[in-house]
Structure formats: C-alpha cells, structure tokens
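K.L.:
Coordinates for the following, if possible.
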Amino acid sequence: MKEVFILSGSNRGDRQGFISKATDMIEQMAGAVVRKSSVYETSPWGFDDPTPFLNQVIEIETMLSPEDLLEILLTIEVKLGRIRPFDGCGCGIPASPDHGTGKKDAPAYAGRTIDLDILFYGQRLIFTDKLMVPHPRLHERAFTLVPLNEVVPEFVHPLLKKTIAMLLHECRDQAKVKKMDD
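P.N.:
Next up is the predicted model:
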C-alpha cells in the first residue's frame with residue numbers, strides 16, 4: 001500500500017458537492033481515504049475569476065500504480081464535468097507552448113468543476129510526459145500547503161528535503177486561505 005496525497009479543488013457549481021463526490025469516487029475506485037483536511041476557500045491562483053476555489057487534501061492508501069491512479073482521477077474529473085482547455089500534466093506546465101489548443105494565447109488555468117492533483121505518491125519521484133510527482137509547484141502555493149500542513153506537517157518532501165511545515169513557513173504566496181466552517 002502506498003500513501004498518496006491528493007488535492008481537490010472546485011470553483012464552479014456546487015463546489016463542496018463536487019469535492020465530496022470526488023472523494024467518494026476516489027474511495028470507490030482508487031483506495032481507502034485515510035485522512036482529510038478541512039475545506040479551505042482561496043482565490044484562483046494564476047488567473048482572474050470572480051468565484052473562489054474550495055480546496056481539500058485527502059490521503060489515500062492505494063495498490064494502484066501512479067499511472068493507473070492518474071487515469072482514475074482524470075476519469076472522475078470528466079464524470080464530474082471537468083473540461084480541460086489544454087493538454088498538460090495539470091501542473092500548469094503545458095505539454096506544448098500553445099497549451100495543446102493551437103492558439104498561442106490559450107490560458108494556462110481556468111475555472112473548473114473539479115481538479116484532482118496527485119501531490120505525493122509516497123516518497124516516489126515521477127517525471128513523465130503525463131505525470132509529475134511530487135507536484136512541481138506545490139511548494140509555491142498556499143492553497144496546497146495549508147491543507148497539506150493540517151494533515152501531515154512532518155511529511156518530508158522527497159525532492160526538496162523539507163517538511164510541509166517548513167515549506168509553508170517559507171512560502172511566498174500571500175493569498176488568503178480561509179478555513180470553511182465544518
């Protein structure tokens with residue numbers, strides 16, 4: 001069994017409902033949910049949008065390979081209405097300079113019903129055309145670090161060799177991350 005940390009985010013429609021449905025589907029299709037952070041509200045990161053995101057980190061135990069887990073997460077996103085405006089790894093690093101759209105000015109980020117990112121897959125380092133783990137920008141994003149810190153503050157980033165608590169303390173992202181009432 002591998003401990004895997006996944007970030008879910010939504011800023012379209014029933015944001016809380018999409019996060020809850022995604023968590024249920026992950027448990028049914030990928031592995032047991034071990035822990036969940038609180039849900040946090042944050043401004044969109046990397047683009048302007050009037051609707052804030054809700055984000056949550058979940059930890060699962062899975063027997064799936066990272067690639068099989070990714071395919072299940074992408075399937076869940078589609079089932080919950082996610083439309084990807086470009087073909088990339090989901091980390092904001094496009095597969096091509098035009099983000100797969102043929103247009104040079106295509107947006108790298110956009111609003112979405114659900115976004116599911118693999119943050120960590122145990123201590124594995126995975127860098128393929130389809131998957132980058134640890135998520136390459138998680139240490140730059142307060143909306144990722146705050147809920148991750150709630151769940152596993154002492155987890156050591158396998159590449160940066162720092163705990164999540166340390167990464168949060170060093171993070172320059174000043175965006176407000178508001179814990180939602182339970």
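K.L.:
what helices or strands is the helix or strand of the chain with the lowest mean pLDDT leaning on?
P.N.:
The weakest-scoring helix or strand in the chain, judged by mean pLDDT, DSSP states H and E, is strand 2-10 (a mean of 92). Helices and strands touching strand 2-10, by 3 or more Cβ pairs under 8 Å, 6 or more residues apart in numbering; DSSP states H and E, are helix 15-29, strand 53-62, strand 115-121, helix 142-151. C-betas here are computed from N, CA, C, even on glycine.
K.L.:
Reformat these as a markdown table; add mean pLDDT, mean neighbour count and distance to Leu74.
P.N.:
Shown next, in a markdown table, are the helices and strands packed on strand 2-10 (pLDDT from 0 to 100; neighbours: other Cβ atoms under 10 Å; distance: least, Cβ to Cβ, whole Å):
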| stretch | mean pLDDT | mean neighbour count | distance to Leu74 |
| --- | --- | --- | --- |
| helix 15-29 | 97 | 18 | 11 |
| strand 53-62 | 96 | 22 | 15 |
| strand 115-121 | 96 | 23 | 8 |
| helix 142-151 | 96 | 23 | 19 |
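K.L.:
okay, the ones you listed in a markdown table with distance to Pro44 next?
P.N.:
Listed next are these as a markdown table, based on distance: least, Cβ to Cβ, whole Å:
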| stretch | distance to Pro44 |
| --- | --- |
| helix 15-29 | 12 |
| strand 53-62 | 6 |
| strand 115-121 | 11 |
| helix 142-151 | 9 |
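K.L.:
Restricting to C-alpha, output the least confident helix or strand of the chain in PDB.
P.N.:
Output of strand 2-10 as PDB, limited to C-alpha atoms (Å, rounded to 0.1, in the frame of the first residue of the first chain):
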ATOM      1  CA  LYS A   2       1.200   3.500  -0.900                       C
ATOM      2  CA  GLU A   3       0.200   6.600   1.000                       C
ATOM      3  CA  VAL A   4      -0.800   9.100  -1.600                       C
ATOM      4  CA  PHE A   5      -1.900  12.800  -1.100                       C
ATOM      5  CA  ILE A   6      -4.400  14.300  -3.500                       C
ATOM      6  CA  LEU A   7      -5.500  17.900  -3.700                       C
ATOM      7  CA  SER A   8      -9.100  18.500  -4.800                       C
ATOM      8  CA  GLY A   9     -10.300  21.900  -5.900                       C
ATOM      9  CA  SER A  10     -13.500  23.400  -7.300                       C
END
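K.L.:
ok, that strand: who's next to it in the sheet?
P.N.:
strand 53-62 (antiparallel), strand 115-121 (antiparallel) (DSSP bridges).
K.L.:
next SSE after the first one?
P.N.:
On the C-terminal side of strand 53-62, the closest following helix or strand by DSSP states H and E is helix 66-79.
K.L.:
Appreciated, that's everything.
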